[in-house]
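# this one's structure only:
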């Protein structure tokens, strides 16, 4: 089954404790993105990747890092999480043409206390 | 900067009522248009998409949308809603941005359908 897999689904952590949210897709998609979803703001792009070793900032990149060492994986790293990063995070992937639209993972609900 | 606007943040309807959710975007070039749905506690699912051709697009679950290029609009419609349509709906637009298919979202519309 074609899918984007995120882990974990839920995460509660303390301020400053580094964490990584994993994302993997099995569709051989070139493009991958991370979004955060906040009430009233919709989904905002954090980082995106056009291909292996090619990443760039989205609209809200501060406090986040990503890497794309393999085509299928695109982890999101919070080096020093803060409470304002409490949010619902989605990973998504798309083919280069985008003709199929983006496929989204199930989401990771992160709480930073 | 490019943006996507959804006209209503909250919509409340009774079952069998007709639905229309507005969406406007600001980008003047060639775009691809999407509507996604997010049921409570779930991830986003693609309802329908427009890339080219017939501006009236039919999607899953009886939804359709009409692309009106002159109005930069892509409104979502359903003739008769059901309780199971209760969800949040997101309009999204993508375009070629330096070789990358950038996708941005509207703020979303929460739809509540009462039996």
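Nice, thanks for sending it over. Keep in mind the model is a prediction, meaning the values are calculated, not measured. Residues are numbered from 1 along each chain as shown, chains lettered A, B, ... in the order given.
# Going by C-alpha atoms from here, please, whenever you check contacts or count neighbours.
Noted.
# Where does pLDDT dip in chain A?
By pLDDT under 70, the low-scoring segments of chain A are A:98-100.
# longest strand anywhere in it?
Secondary structure assigned by DSSP state E gives strand A:42-51 as the longest strand of chain A.
# which is the next helix or strand following it?
Moving toward the C-terminus from strand A:42-51, the next helix or strand (DSSP states H and E) is strand A:54-57.
# ok, for whatever residue of chain A ends up closest to chain B, nearest residue in space, not its chain neighbours?
Scanning chain A for proximity to chain B using CA to the nearest CA identifies residue A:42 as nearest, at 3.7 Å. Spatial nearest neighbour of residue A:42, excluding adjacent residues (CA to CA, 6 or more residues apart in numbering or on different chains): residue B:107 at 3.7 Å.
# now the one you found, what's its secondary structure?
Per DSSP: H, G, I helix; E, B strand; the rest coil, the secondary structure class of residue B:107 is coil.
# Tell me the pLDDT of it.
On the pLDDT scale, residue B:107 is placed at 92.
# Looks like it contacts residue B:6 (just checking).
Yes. Using CA atoms under 8 Å, residue B:107 is in contact with residue B:6, at 6.5 Å.
# more neighbours, these two?
Neighbour count, other CA atoms under 10 Å in any protein chain shown: between residue B:107 and residue B:6, residue B:107 has more, with 25 against 22.
# got the contact list for that one?
Residues near residue B:107 by CA atoms under 8 Å, 6 or more residues apart in numbering or on different chains: A:40, A:41, A:42, A:43, B:4, B:5, B:6, B:9, B:90.
# what do you get if the cut-off is 7 Å, keeping everything else the same?
A:40, A:41, A:42, B:6, B:90 (CA atoms under 7 Å, 6 or more residues apart in numbering or on different chains).
# Save those as TSV, and put in distance to residue A:58 too.
Shown next, in TSV, are the contacts of residue B:107 (distance: CA to CA, whole Å):
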residue	distance to residue A:58
A:40	19
A:41	15
A:42	14
B:6	21
B:90	19
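# re earlier: for the residue of chain A closest to chain B, name its beta-bridge partners.
In this structure, residue A:42 bridges to residue A:38 when assessed by DSSP bridges.
# and what of residue B:90?
According to DSSP bridges, beta-bridge pairing links residue B:90 with residue B:36.
# Can you get me a residue count around it?
Neighbours of residue B:90 (other CA under 10 Å): 28.
# Let's see the pLDDT reported for it.
Residue B:90 is given a pLDDT of 95.
# cool, residue B:97 as well?
For residue B:97, the pLDDT comes out at 70.
# for residue B:32, same thing?
89.
# Now for it: which residues touch it?
Residue B:32 is in contact with B:50, B:51, B:93, B:94, B:95, counting by CA under 7 Å, 6+ apart.
# ok, and the most crowded of those residues?
For the contacts of residue B:32, the largest number of neighbours (other CA under 10 Å) sits with residue B:93, at 26 neighbours.
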